[in-house]
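Trainee: The following comprises the amino acid sequence and a computationally predicted model.
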Amino acid sequence: MNGDEGFFDRLTDETESDEKYSYQEVLNNLSELNLDTSNMFSESVKDVTGLFRAMKDSGVSTCDSMCFFLGLYVKYIFSRLVDADRLDAACFESKRTYVPNEADWEALLERFQKNLSAFDSSSEIGAVRKRVSDLCREASGRRTGIYKLSVPTGGGKTLSSLNFALHHALKTGKRRIIYVIPFLSITAQTSKVFRDILDLDDDGDVLLEHYSSVGMDDESAVGRKLSEVERESEDEGERQRKLAAERWDSPIIVTTMVQFLETVMSAKGTKLRKFHNMTDSVIIFDEIQSLPTNTINLFNEVVSFLSSMLGCTILLCSATQPLLERTERKNLLLSDHPELIEVPEGDVAKLKRTNIVASVEQKTCDELASIVLERARENGNCLAIVNLKSEAENICRALRELDDRHEFEIVHLSTSMCGKHRMDKLNHVRALLDGESRSRVICVSTQLIEAGVDISFSCVVRAMAGLDSILQAAGRCNRNGESSEAKSVYVYPVKDETGLNNLKDIQTGKELTDQLVREYPNEDLLSKGMLEEYYGRFLARLQERPDAMDYALPGGESKTAYGLLSFNTRGRGEYRNRHDGGEYPYAFAQGFKTVNDGFHVIPNLTKDIVVRYGRASELLDRLADLDDLREKVRVLRLLQQYSVSLFDRDFDLLYQKRAFILVNKEFNIYALDSSYYDDVYGVLRESEMPVMMI
């Protein structure tokens, strides 16, 4: 169904004109199958009655929420049908009997506890992390529901949440653990932690890593071609890995918020196929404060459905818990006493390794660069985090001029660099900081380093932003208690940040933090009370914008994904207008197709381009020479880490300068000229090729 104009025309025209959809055709087919339809109908009535009773008992109280749940139930049934049909066909084709991939929680727990005991808990921070983990284990006997895990940064949330999940899965008979991460940049880090603590091989079938890569998923031109090639070239092992990714039947799954949301918002069988396998799972959402604000009401309904209807336990993890339950719709069905644990005040104090020093005096990029250099000289190293890529580049260039004695290695990080480039730089900085000498280094980064990245500096300077972002930035300072004294995180508003006009959430966060600093100059910005005050104001500001948390779709005011997936007032009104005031007579009016077509966690406002970094040129040459389809797939996958996403305006600017060429017509791959890619800054708007004078 489509919730756009013509919704009910299509519904009525297609079902009336196409015989295969007609009611009589259905009756004829049922008759030929000799099914006891009367008994089936009676049982179905009981099922539907039970469904409505379960919704009521769970606290579903509004018409919109009830309709949203019914739509998700339709998707759940569809998911089961699609998976059963395709799995049966696959087994028939391969002449194999399907064997479920069942979890051995006892064996996994034994490995987890053995490896966890080897962690150093002699330090003060180590001892606190152990106590947090123990508290999570003790809470594992709680009933299925939706809980919050609120632990200060550096408190060991990742392993503590896994400790809870393993014990809870064993005690409550859960089928799998799904770990959802907000950023692709920290997925490999988290998967490695899990594999190490559980003694898992990279090629084993216990842990599945399933991520989305912008520009290379099944919806993109490259992705569609890639999928086509993969189907033609895959061997049995590749087929099994692809099947695992489509079905999510592994005991432990590490995925991204993009993959999770685009699965549950999809109307396509391939994506929805895995939905029913979320049943009876422990689903952990890491860094939940990073949930895109325009998806909050969608997310609340989905996790409430998963918990109350499909028996999932949901764990929302953050050092800076957003108040998702306080939206105007109040549609997050939290458990009674939703805080999974209470970290003792004494331990919270021990995890407080930083002080926030906030100023309301605006600084230019040049002035901020001077401050960063001064703080680096005082502390030996410094991390500067800013809101915009242009700011990161400008401050980095200014620092290189100011540091004329080359006291520091100056490193730049932003999404103007390809993923492999960023990872190499990040690992290099870690090596500099982790060495015995703790080398003198300054890192200037956008927010990509902020949440979940395991790195520790002696000092952080943060451009004014939302209080949650500032607290996450503080988590990159004195992270492991290297200094017994609290280190400082300096916050300054950057002057003339016109680039934030298109980044409403960051702009709003910056304004609200500025308000709090002015109104409460003597308050500790790290306190729980200040964070609640900030989130209360942030939600109030969001609710001033119509449908800010309902995911607006193209097509005019009040057309939202939430509206189309709930009661769909818009579509019902269209029906009424076209049928002389007659009311729409059916139970379901969800605009599944329209939402499927219009929903993108990361808006399709970018184009991907391969940059000349590392092995990229070698891989492009190999791709051009290859005939073997399987090898082409392998090379394409490797090339993903050498691509950069460019907004249309930047793509068009570089196109006008002939900065890139189409290097592969088969896969529509563009490659940037090497003179437009810098080892420090990544993609450049101007070529660094020297001008030749003749």
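Mentor: Nice, thanks for sending it over.
Trainee: Can you tell me the SS state at S687?
Mentor: coil (DSSP: H, G, I helix; E, B strand; the rest coil).
Trainee: I figured it hits Y676, correct?
Mentor: Yes - shown here, S687 and Y676 form a contact pair, counting by Cβ atoms under 8 Å, at 5.5 Å. Backbone N, C-alpha and C define where each C-beta goes, glycine included.
Trainee: Just the pLDDT for D580.
Mentor: If you check D580, the pLDDT there is 88.
Trainee: residue ranges for the strands of the stretch 251-400 of the chain, please.
Mentor: With DSSP state E, counting those that start in this stretch, the ranges of strands along the stretch 251-400 of the chain come out as 252-256, 281-285, 313-318, 354-358, 381-385.
Trainee: Quick check: which of those is nearest to D134?
Mentor: For the strands of the stretch 251-400 of the chain, the distance to D134 is smallest for strand 313-318, at 16.5 Å, taking Cβ to Cβ.
Trainee: so who does the residue lying closest to G481 once chain neighbours are set aside touch?
Mentor: Closest residue to G481 apart from its sequence neighbours, by Cβ to Cβ, 6 or more residues apart in numbering: I125 at 4.2 Å. Contacts for I125 (Cβ atoms under 8 Å, 6 or more residues apart in numbering) come out as 154, 350-351, 353, 480-481.
Trainee: For these, work out which two are farthest apart.
Mentor: Farthest pair in the contacts of I125, by Cβ to Cβ: K350 and N480, 12.2 Å.
Trainee: average pLDDT for the helix or strand hosting L87?
Mentor: Using DSSP states H and E, L87 falls within helix 63-94. The average pLDDT for helix 63-94 rounds to 94.
Trainee: Tell me which other helices or strands that helix touches.
Mentor: helix 37-58, helix 236-247, helix 269-272, helix 296-308, helix 561-565 (3 or more Cβ pairs under 8 Å, 6 or more residues apart in numbering; DSSP states H and E).
Trainee: related to what we said a few turns ago, which of the contacts of I125 count as buried?
Mentor: Buried members of the contacts of I125, scored by 16 or more other Cβ atoms under 10 Å, are 154, 350-351, 353, 481.
Trainee: Nearest to R175 among those residues?
Mentor: Nearest to R175 among the buried ones among the contacts of I125: G154, at 32.0 Å, using Cβ to Cβ.
Trainee: wait, the closest one sits on E482?
Mentor: No - using Cβ under 8 Å, G154 makes no contact with E482, being 11.0 Å away.
Trainee: just to revisit the earlier point, what's the closest of the strands of the stretch 251-400 of the chain to A244?
Mentor: Relative to A244, the nearest member of the strands of the stretch 251-400 of the chain by Cβ to Cβ is strand 252-256, separated by 9.1 Å.
Trainee: returning to that earlier point: could you check which helix or strand contains the residue nearest to G481?
Mentor: Going by DSSP H and E, I125 is in helix 124-138.
Trainee: Tell me the helices and strands packed up against the strand or helix carrying L149.
Mentor: Using DSSP H and E, the element containing L149 is strand 146-150. Counting contacts by 3+ Cβ pairs under 8 Å, 6+ apart, strand 146-150 packs against helix 157-172, helix 296-308, strand 313-318.
Trainee: S687 and Y676: who's more crowded?
Mentor: Comparing S687 with Y676 by other Cβ atoms under 10 Å, the one with more neighbours is Y676, at 21 against 16.
Trainee: Chain neighbours aside, what residue packs nearest to the more buried one?
Mentor: With Cβ to Cβ, 6+ apart, the residue lying closest to Y676 is A659, at 4.5 Å.
Trainee: my guess is that neighbour contacts A671, does it?
Mentor: No - using Cβ under 8 Å, A659 makes no contact with A671, being 10.0 Å away.
Trainee: Measure how buried A392 is and give me the count.
Mentor: 27.
Trainee: how about it, what does it touch?
Mentor: By Cβ under 8 Å, 6+ apart, the contact list for A392 reads 386, 412-414, 444-446.
Trainee: again, only this time at 6 Å
Mentor: A392 sits next to 386, 414, 444, 446 when contact means Cβ atoms under 6 Å, 6 or more residues apart in numbering.
Trainee: Ok, L87 next?
Mentor: No contacts exist for L87 under Cβ under 6 Å, 6+ apart.
Trainee: same thing with T508?
Mentor: With Cβ under 6 Å, 6+ apart, T508 has these contacts: R541.
Trainee: Going by neighbour count, list what's buried in the host helix or strand of it.
Mentor: Per DSSP H and E: T508 is located in helix 504-519. Within helix 504-519, the residues that count as buried by 16+ other Cβ under 10 Å are 505-514, 516-517.
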